[in-house]
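Enquirer: Predicted model follows, preceded by the sequence.
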Amino acid sequence: MGAASKNTIDTGFVNEIRDALKGAIDLILPYRCAVCGGISDTEDRFEAYNSLYKDLFGQRPDLHICGKCLSSLNIQDEDRRWFLCLSNPVAGDPCPGLPLYMPFEYRGLVEQILPKIKFGKKYELARFFGCVLGSAIKCENISADLIVPVPLSSRRLEERGFNQAGEIAYPLARLNGIPYADDCLIRVRDTMRQSDISDKGLRAVNVSNAFSVSEDWDVTGLTAVVVDDVATTGSTLHEAAIALYKAGASKVLCAAFAGNRSLKNAEPF
């Protein structure tokens, strides 16, 4: 027994040493901004977010953004957050007037972050966007039965390791007290990346009939919010909404963190 006690590690003492070393290292090697790589000077302003993140995901985030980058994240004026989902409405649309909530422009911080999320596997940046979008939607007093992320194909999900739309949609759902339905929509047809297609008509063709509602879900009479990271022509969100309506949903709203619409094309909501 005595020998065992001599070899027992004082975990409290070890933790104190570890924390002291971490503090010393942080002074020598300060946190770097995940966007520009500069020194992060906003650590004290991130405490509220750190607490929220821990509530949502069970751990503190490893995310640091400098004040310069944060200052470029500006929400649109109230009358510039709602659009028609399709940038170019078409005749015979099965869900004309489909509304899109899109509170940020695709520029500045957003333009720098989204490629890092998709191609740099920076899922914590997607979660940050999800918390911001969720807070914005909460201010709009939107009520719904389901939050549904736009799904990736199984091949692209395996390639990327996560679905950026899902990482945004989950905190959005939690912040608004709406059930998160990550397996409600399925992608039944693999498609090219929309970002690789410049022609608006071809973008619509690329995602036509690409989605279906899972047989495990009954969305009859429900209101659903479909979430994606960015909307350009709106074709992807539009096709997801069509699939939900075909399955019996009574109302569908679309939400994207950002887009590049230069003109407001309607007052749909």
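Expert: Perfect, thanks for sending it.
Enquirer: what stretches of the protein score poorly on pLDDT?
Expert: By pLDDT under 70, the low-scoring segments of the chain are 1-30, 189-208, 262-269.
Enquirer: Quick one: the strands in it, in order.
Expert: Taking DSSP state E to define them, one finds strands in the chain at 82-84, 99-101, 104-105, 146-149, 185-187, 211-213, 223-231, 251-259.
Enquirer: I'd like those as CSV, with distance to Ile113 and mean neighbour count appended.
Expert: (Each C-beta comes from the backbone N, C-alpha and C, glycine too.) Shown next, in CSV, are these (distance: least, C-beta to C-beta, whole Å; neighbours: other C-beta atoms under 10 Å):
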stretch, distance to Ile113, mean neighbour count
strand 82-84, 21, 22
strand 99-101, 19, 23
strand 104-105, 10, 20
strand 146-149, 18, 27
strand 185-187, 24, 22
strand 211-213, 26, 21
strand 223-231, 10, 26
strand 251-259, 9, 24
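Enquirer: Any chance of a markdown table for the ones you listed, columns distance to Gln59?
Expert: Output for the strands of the chain, formatted as a markdown table (distance: least, C-beta to C-beta, whole Å):
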| stretch | distance to Gln59 |
| --- | --- |
| strand 82-84 | 35 |
| strand 99-101 | 29 |
| strand 104-105 | 26 |
| strand 146-149 | 21 |
| strand 185-187 | 28 |
| strand 211-213 | 32 |
| strand 223-231 | 23 |
| strand 251-259 | 23 |
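Enquirer: and of the ones you listed, who's closest to Lys118?
Expert: strand 223-231 (7.7 Å; C-beta to C-beta).
Enquirer: export that closest one as PDB, just CAs?
Expert: Output of strand 223-231 as PDB, limited to C-alpha atoms (Å, rounded to 0.1, in the frame of the first residue of the first chain):
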ATOM      1  CA  THR A 223     -43.300  23.600 -41.400                       C
ATOM      2  CA  ALA A 224     -39.600  23.100 -42.300                       C
ATOM      3  CA  VAL A 225     -36.700  25.400 -42.600                       C
ATOM      4  CA  VAL A 226     -34.100  24.200 -45.100                       C
ATOM      5  CA  VAL A 227     -30.600  25.400 -44.300                       C
ATOM      6  CA  ASP A 228     -27.500  25.700 -46.500                       C
ATOM      7  CA  ASP A 229     -24.200  27.700 -46.100                       C
ATOM      8  CA  VAL A 230     -24.500  29.900 -49.100                       C
ATOM      9  CA  ALA A 231     -27.100  30.700 -51.800                       C
END
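Enquirer: Specify the residue ranges that define each domain of the chain.
Expert: Residue ranges for the domains of the chain, per automatic domain parsing: 11-71, 78-259.
Enquirer: Would you mind finding the most buried of the ones you listed?
Expert: domain 78-259 (a mean of 19; mean count of other C-beta atoms under 10 Å).
Enquirer: Between its first and last residues, what's the separation in it?
Expert: End-to-end distance for domain 78-259, by C-alpha to C-alpha, to the nearest Å: 15 Å.
Enquirer: Identify the residue nearest Thr42 in space, chain neighbours excluded?
Expert: Distance criterion C-beta to C-beta, 6 or more residues apart in numbering; nearest residue to Thr42, sequence neighbours excluded, is Gly67 at 5.0 Å.
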